[in-house]
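Engineer: fold the following and give me the result.
(one chain, ligands or ions: 2)
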Amino acid sequence: MDVSSLLDGLNDKQREAVGAPLSNMLVLAGAGSGKTRVLTHRIAWLMQVEQQSPYSILAVTFTNKAAAEMRERVEKVVGSNMGRMWIGTFHGLAHRILRTHFQDANLPQSFQIIDSDDQLRLLKRILKSLNLDDKQYPPRQAQSYINGKKDQGLRPKHIDAGGFPVEQNLLNIYKIYQESCDRAGLVDFAEILLRAHELWLNKPHILAHYQDRFRHILVDEFQDTNAIQYAWIRVLAGNSANVMIVGDDDQSIYGWRGAQIENLHRFLKDFPGAETVRLEQNYRSTGNILKASNDLIANNPDRLGKKLWTEDKDGEPISVYCAFNEMDEAKFIVGRINDWQDKGGSLSDCAILYRSNAQSRVLEEALLHRGLAYRIYGGLRFFERQEIKDAMGYMRLINNKDDDAAFERVVNTPTRGIGDRTLEIIRSTARQQQLTLWQASLRLLEEKVLAGRAANAVRGFMDLVIHMRTDTADMLLYRMTDSVINQSGLRAMYEAEKGEKAQARIENLNELVTAAKSFEMPEELEDMGELNAFLSHAALEAGEGQADAFTDAVQLMTLHSAKGLEFPMVFMSGVEEGIFPSKMALDEGDRLDEERRLCYVGMTRAMQKLYISYAESRRIYGREDYARPSRFINEIPEQYVEQIRLRAQVSPSISQRFPARGASTAFSQSSANTTGFSVGQKVKHFKFAEGVVTNFEGTGEKARVQVNFRDFGSKWLLVSLAKLEAC
Ligand SMILES: Nc1ncnc2c1ncn2[C@@H]1O[C@H](COP(=O)(O)OP(=O)(O)OP(=O)(O)O)[C@@H](O)[C@H]1O
Ligand SMILES: [Mg+2]
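Structural biologist: Numbers count the residues shown, from 1 in each chain. Ligands and ions are numbered 1, 2, ... in the order given. Next up is the predicted model:
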């Protein structure tokens with residue numbers, strides 16, 4: 001045992017936390033101060049110095065990726081196999097416990113997880129069956145109501161809807177939704193935690209077993225735990241486990257999903273003798289990036305307050321780029337990545353962050369155009385793609401005929417003549433007689449309520465599922481997958497579709513066979529059968545495994561998924577009012593602080609170089625907007641910023657920091673411009689008055705320019721008709 005090597009590469013404060021006597025502890029510190037490093041070294045310390053068995057350790061991280069990295073890092077330090085240590089996300093760990101104790105949790109052995117897409121489909125069906133108008137009761141509202149209640153640990157029986165009809169209806173939807181999930185053996189994400197918590201409360205002998213086992217509990221990113229996660233840890237820890245949590249109140253970004261910063265305070269009250277260790281040295285970012293981030297977050301009220309400093313040099317200023325539109329922005333970003341690569345940098349050093357997933361498409365196109373490899377982290381993931389979910393739908397039905405979500409998904413995919421009316425009959429029978437969709441179909445066929453063509457179609461579908469089930473019973477998982485893709489008719493359906501998209505779908509289906517082939521059965525889940533395990537794996541790990549560690553690729557992700565990560569070069573794109581902070585946050589005033597924390601998270605991902613960009617006009621969500629730079633840009637003190645290009649025009653509300661600039665700075669796009677106007681040029685229109693040219697396309701009669709009018713926003717105009725005047 002080499003104790004000194006465990007403490008190597010740690011500063012005094014970090015050593016204090018890593019080498020502390022067994023106790024409860026809170027490590028509270030800003031971004032990049034080594035919290036995750038401390039947690040990892042602490043695990044190694046517990047094993048090597050305190051001689052604790054890996055079996056007695058439970059570590060909770062925020063993503064599966066972080067869990068895998070942590071396991072690897074600890075293995076490196078202690079040089080042994082950590083197989084028996086439990087490390088994972090809240091959902092992953094709770095799921096594992098539910099699998100082991102499915103009976104005690106009142107679940108069928110073959111229970112399956114549904115994602116939010118499946119959940120929404122189920123809810124739509126329920127709303128319809130209740131004859132509730134989906135304008136008055138949007139399915140998404142019901143979904144967030146249910147998930148919100150579950151996150152607070154509330155079952156319908158705990159909720160008093162008072163005399164409010166809307167609330168009563170939502171409560172009723174929750175009840176019916178839960179009943180149909182229970183009948184079909186389905187568990188949504190929030191349910192996983194709620195049930196695992198109830199298992200602790202209802203089965204003291206099971207709780208006692210785990211309390212006995214987990215003497216050491218460590219939780220990363222604690223500021224983003226919600227009420228049920230907190231309760232789960234609290235109960236598990238009991239009075240004797242040693243709990244170390246690490247977190248940063250300034251990085252709490254999941255309030256919208258029920259996370260509670262107060263859990264940090266609650267911890268100090270609930271866990272006796274808990275010491276707080278603060279880390280103040282930042283090892284990640286240059287001086288400019290760090291100071292700019294500190295100043296930005298200082299605009300938030302009610303902070304616990306932290307000082308962060310770095311030994312690092314100031315480094316380059318933060319570059320702020322004002323683009324004419326989203327294409328120009330993407331081109332700019334890709335150009336900088338190209339330069340970086342030319343200087344010998346690798347692509348995976350670069351991350352492009354954005355507020356919402358919809359922003360990625362334009363960036364992807366620009367990267368493709370330049371032939372740069374990229375990877376979307378946490379975007380539309382492999383297992384979330386339509387064709388994959390279709391194939392998995394069949395596999396889920398083979399696994400469990402009563403899986404309503406899967407039944408809904410594939411009953412008429414590929415189309416087999418089962419119309420909406422037939423489905424409605426099946427659904428309402430299921431609802432009235434408390435049956436699953438499969439059972440209801442059987443009954444309707446037996447009782448000849450369904451007849452003629454409709455009956456044949458439904459029978460054909462059920463026969464297909466039963467046939468596939470027997471046919472594939474003895475097959476290896478990947479052969480079964482292949483067989484299901486073929487027998488279900490999915491492959492033929494996409495082959496008939498033709499075109500690039502269909503081709504990509506077929507490639508994805510092929511990749512699913514590869515995924516099944518390389519699927520390794522986790523040891524702890526051996527009892528549950530390979531198919532069942534594979535289905536759960538797909539639902540839980542959706543795409544986090546898409547990372548191909550061997551390809552050098554630019555990393556694209558939302559600001560939320562960037563939490564905990566770091567990159568030498570970071571681009572924050574679309575930093576515009578209405579996008580970031582988001583429109584929703586602007587409408588609800590109290591969300592603004594959380595957006596600012598998100599901005600802090602984004603900026604502090606950068607190690608050497610940070611670019612922030614915004615566009616004057618942007619096509620997004622199917623419309624065109626005239627955008628203003630985000631207030632967050634103006635909150636960064638000038639001395640840390642370099643403006644790469646000044647704006648071509650100012651609207652009255654734009655900050656003083658980005659002053660007007662004349663047409664002489666016109667920016668020319670790369671393709672030939674025959675419109676007679678240049679981008680950036682000021683023009684006048686007889687009706688819309690003054691504006692600035694931001695884009696152009698077409699030639700001759702079809703030549704069009706896009707103009708941002710000061711009072712009317714952005715418009716595309718035919719040059720031949722618009723009678724624009726230069727001014
Ligand atoms: N004492 C140290 N000496 C050198 N490098 C360190 C030290 N402590 C941490 N680092 C490095 O600093 C970087 C940030 O550390 P880490 O990711 O643990 O910070 P964090 O506090 O968890 O950040 P975040 O709040 O973003 O999750 C990592 O690259 C880490 O290896
Ligand atoms: Mg961390």
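Engineer: measure stretch 254-263 end to end?
Structural biologist: In stretch 254-263, first residue to last residue: 13 Å (CA to CA, to the nearest Å).
Engineer: need the contact partners of that stretch.
Structural biologist: Stretch 254-263 is contacted by residues 147-148, 151-152, 222-227, 230, 249, 252-253, 266, 560, 591, 594 when judged by CB atoms under 8 Å, 6 or more residues apart in numbering. No exception for glycine: its C-beta is placed from N, CA and C like everyone else's.
Engineer: which residues touch Asn81?
Structural biologist: Contact analysis of Asn81 by CB under 8 Å, 6+ apart lists Glu75.
Engineer: now do the SS call for it.
Structural biologist: Of the three states, Asn81 takes coil according to DSSP: H, G, I helix; E, B strand; the rest coil.
Engineer: what does the pLDDT read for it?
Structural biologist: Asn81 carries a pLDDT score of 73 in this model.
Engineer: that one and Met47: what is the separation?
Structural biologist: According to CB to CB, to the nearest Å, Asn81 stands 12 Å off from Met47.
Engineer: re earlier: any of the contacts of stretch 254-263 buried? List them.
Structural biologist: For those, a burial check counting by 16 or more other CB atoms under 10 Å picks out 147, 151-152, 222-227, 230, 249, 252-253, 560, 591, 594.
Engineer: how about those, which pair is most distant?
Structural biologist: Spatial extent of the buried ones among the contacts of stretch 254-263 (CB to CB) is set by the pair Asn147 and Asp249 at 23.9 Å.
Engineer: show me which residues of the protein are close to ligand 1?
Structural biologist: Counting by CB under 6 Å from any ligand atom, the chain comes close to ligand 1 at 9-11, 14, 29, 31-37, 248, 251, 283-284, 564, 566, 604.
Engineer: would you show me how to pick out the buried ones of these in PyMOL?
Structural biologist: Here is the PyMOL command that selects only those of the residues of the chain next to ligand 1 that count as buried (16+ other CB under 10 Å):
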select buried, resi 10+14+29+31+32+33+34+35+36+37+248+251+283+284+564+566+604
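Engineer: restricting to the residues of the chain next to ligand 1, which residues neighbour ligand 2?
Structural biologist: Contacts with ligand 2 within the residues of the chain next to ligand 1, as defined by CB under 5 Å from the ion: 35-36, 564.
Engineer: among the residues of the chain next to ligand 1, which ones are in helices?
Structural biologist: Residues of the residues of the chain next to ligand 1 located in helices (DSSP state H): 14, 35-37.
Engineer: and those, which two are furthest apart?
Structural biologist: Largest separation among these by CB to CB: Gln14 and Thr36, giving 11.2 Å.
Engineer: the stretch 201-350 of the chain: helices as residue ranges?
Structural biologist: For the stretch 201-350 of the chain, the helices defined by DSSP state H, counting those that start in this stretch cover 204-213, 227-237, 262-270, 287-297, 326-342.
Engineer: so which of the ones you listed is nearest Asp404?
Structural biologist: Nearest of the helices of the stretch 201-350 of the chain (CB to CB): helix 227-237, 24.6 Å.
Engineer: may I have that closest one exported as CSV, CA atoms only?
Structural biologist: Written as CSV, here are the backbone C-alpha positions of helix 227-237 (Å, rounded to 0.1, in the frame of the first residue of the first chain):
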residue,chain,number,x,y,z
ALA,A,227,-36.6,15.1,-3.2
ILE,A,228,-37.0,11.4,-3.8
GLN,A,229,-33.3,10.9,-4.5
TYR,A,230,-32.4,12.7,-1.3
ALA,A,231,-34.9,10.6,0.6
TRP,A,232,-33.6,7.4,-0.9
ILE,A,233,-30.0,8.2,0.2
ARG,A,234,-31.2,9.4,3.6
VAL,A,235,-33.1,6.2,4.4
LEU,A,236,-30.3,4.0,3.0
ALA,A,237,-27.6,5.8,5.1
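Engineer: just give me how far that helix sits from the chain centre.
Structural biologist: Its chain's C-alpha centre and that of helix 227-237 lie 23 Å apart, by CA atoms, centre = their mean, to the nearest Å.
Engineer: and that helix, what's its mean pLDDT?
Structural biologist: Helix 227-237 comes out at a mean pLDDT of 96.
Engineer: in three-state terms, label Met607 for me.
Structural biologist: At Met607 the chain is in strand, as set by three-state DSSP.
Engineer: what's the helix or strand for the nearest residue to it once chain neighbours are set aside?
Structural biologist: Leaving aside its sequence neighbours, Met607 sits nearest to Pro568 (CB to CB, 6 or more residues apart in numbering; 4.8 Å). Element membership for Pro568 (DSSP states H and E) is strand 567-572.
Engineer: off-centre distance for that strand?
Structural biologist: 19 Å.
Engineer: who's in contact with that strand?
Structural biologist: So strand 567-572 is contacted by 333, 336-337, 340, 345, 349-354, 555, 559, 580, 599, 602-603, 605-613 (CB under 8 Å, 6+ apart).
Engineer: output stretch 679-691 in CSV with nothing but the alpha carbons.
Structural biologist: What follows is stretch 679-691, C-alpha atoms only, in CSV (Å, rounded to 0.1, in the frame of the first residue of the first chain):
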residue,chain,number,x,y,z
VAL,A,679,-24.2,41.5,-46.4
GLY,A,680,-24.0,44.1,-43.7
GLN,A,681,-25.1,46.9,-46.0
LYS,A,682,-27.8,49.4,-44.8
VAL,A,683,-30.8,49.6,-47.0
LYS,A,684,-34.2,51.4,-47.1
HIS,A,685,-37.5,49.9,-48.2
PHE,A,686,-40.6,52.0,-49.0
LYS,A,687,-42.7,50.2,-46.5
PHE,A,688,-40.4,48.6,-44.0
ALA,A,689,-38.0,51.5,-43.8
GLU,A,690,-34.5,50.9,-42.6
GLY,A,691,-32.7,47.6,-42.3
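Engineer: what comes up buried for that stretch?
Structural biologist: Those would be 679-683, 685, 688, 690-691, for stretch 679-691 by 16+ other CB under 10 Å.
Engineer: and it, average pLDDT?
Structural biologist: Stretch 679-691 shows a mean pLDDT of 82.
Engineer: kindly report the same for stretch 39-53.
Structural biologist: Per-residue pLDDT values over stretch 39-53 give a mean of 94.
Engineer: quick check: pLDDT value at the nearest residue to Ser488 once chain neighbours are set aside.
Structural biologist: Nearest non-adjacent residue to Ser488, counting by CB to CB, 6+ apart: Tyr394, 4.8 Å away. On the pLDDT scale, Tyr394 is placed at 97.
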